[in-house]
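> heads up, no residue letters with this:
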């Protein structure tokens, strides 16, 4: 799984959330890093609010569209990832998060890309 993800986003994957389970690639890093856990919990909230299957469809379609424009940095331009990266260091974000918060990030380009 890690090699597959590395080809897509050109970096090692520490964790991935696949509803209904969080599957953590590097268990020690994930448990020690609160940012990673918050990031994955944000994805969990996104998946639940989008009823899981539409989340994956949206994710892949948005990634494919942005792949044409941004190449390998397309992963960082996906609105769902932008929300998770933007708020992964905020321990209270999941309490204050509004539903579909990622929508406002559809057109904003991030620094990573």
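Nice, I can see it. Model, not experiment: these values are computed from the prediction.
> which residue sits closest to the most centrally placed residue in the chain, ignoring its sequence neighbours?
Among the residues of the chain, the one closest to the centroid is residue 81, at 3.4 Å (C-alpha atoms, centre = their mean). Leaving aside its chain neighbours, residue 81 sits nearest to residue 75 (6.2 Å; criterion: C-beta to C-beta, 6 or more residues apart in numbering). C-betas here are computed from N, CA, C, even on glycine.
> Can you report how many residues lie near that neighbour?
Residues lying near residue 75 (other C-beta atoms under 10 Å) number 18.
> and the host helix or strand of it, average pLDDT?
Residue 75 is part of helix 74-77 when elements are defined by DSSP states H and E. Helix 74-77 carries an average pLDDT of 93.
> swap in stretch 51-71?
pLDDT averaged over stretch 51-71 gives 95.
> before we move on, back to that, quick one: the residue nearest to residue 81 from residue 91, how far?
As for residue 75, its distance to residue 91 is 24 Å (criterion: C-beta to C-beta, to the nearest Å).
> Please apply the same query to residue 57.
Residue 57 sits 30 Å away from residue 91, going by C-beta to C-beta.
> ranges for the strands of the chain?
16-18, 21-23 (DSSP state E).
> Most tightly packed of those strands?
For the strands of the chain, ranked by mean neighbour count under the definition mean count of other C-beta atoms under 10 Å, the leader is strand 16-18 at a mean of 16.
> biggest helix in the protein, by residue count?
The residue-count maximum for a helix in the chain (DSSP state H) belongs to helix 53-70.
> Could I get the buried residue list for it?
For helix 53-70, burial by neighbour count (16 or more other C-beta atoms under 10 Å) applies to 55, 58, 59, 62, 63, 66, 67, 70.
> Which elements pack onto that helix?
Contact analysis of helix 53-70 by 3 or more C-beta pairs under 8 Å, 6 or more residues apart in numbering; DSSP states H and E lists helix 74-77, helix 79-87 as its packing neighbours.
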